[in-house]
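J.: coordinates only, sequence not included:
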């Protein structure tokens, strides 16, 4: 908490101000929204998770357009996490189905 004088008031105001000396400058580069990753994840068979990841990606892009860089970065991280979980889960489901189909196909072969 620091005491600062405002332009409209001769009295000090107690408010929180960030200090360059105490807070290191954050990376202000454009945050990623991971939209391509979210679209690719939509083709995996984990639909509730990948659709939510896609929505978070769109929300990240909208936050960046509104100037909320921290919000866009946070939403982009959630979109990336959900998209990666969807891709890994989808790969596991596809492999499990392929193994199950292969096993059931081999059991139907009869030798006379």
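T.: All right, it came through fine. Small disclaimer: the values here were computed from a predicted structure and weren't measured.

J.: To which secondary structure element is residue 72 assigned?
T.: Under the criterion of DSSP states H and E, residue 72 resides in helix 69-107.

J.: State the mean pLDDT of that helix.
T.: Mean pLDDT, computed over helix 69-107, is 94.

J.: Could you number the chain from 236 rather than 1 from now on?
T.: Okay, using 236 as the starting number, the last item reads as helix 304-342.

J.: Measure how far that helix is from the centre of its chain, please.
T.: The chain centre lies 14 Å from the centre of helix 304-342; the measure is C-alpha atoms, centre = their mean, to the nearest Å.

J.: Who are the packing partners of it?
T.: Packing partners of helix 304-342 (3 or more C-beta pairs under 8 Å, 6 or more residues apart in numbering; DSSP states H and E): helix 270-276, helix 282-300. Yep, even glycine has a C-beta here, placed from its N, CA and C like the rest.

J.: how about the ones you listed in TSV, adding distance to residue 316?
T.: TSV is the format used below for these (distance: least, C-beta to C-beta, whole Å):
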stretch	distance to residue 316
helix 270-276	10
helix 282-300	8
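
J.: Tell me which of those helices sits nearest to residue 336.
T.: With C-beta to C-beta as the measure, helix 282-300 is the member of the helices and strands packed on helix 304-342 nearest residue 336 (20.8 Å).

J.: Residues in contact with that closest one: which ones?
T.: Applying C-beta atoms under 8 Å, 6 or more residues apart in numbering, the contact partners of helix 282-300 are 265-266, 268-270, 272-274, 276-277, 279, 306-308, 310-311, 313-318, 320-321, 324-325.
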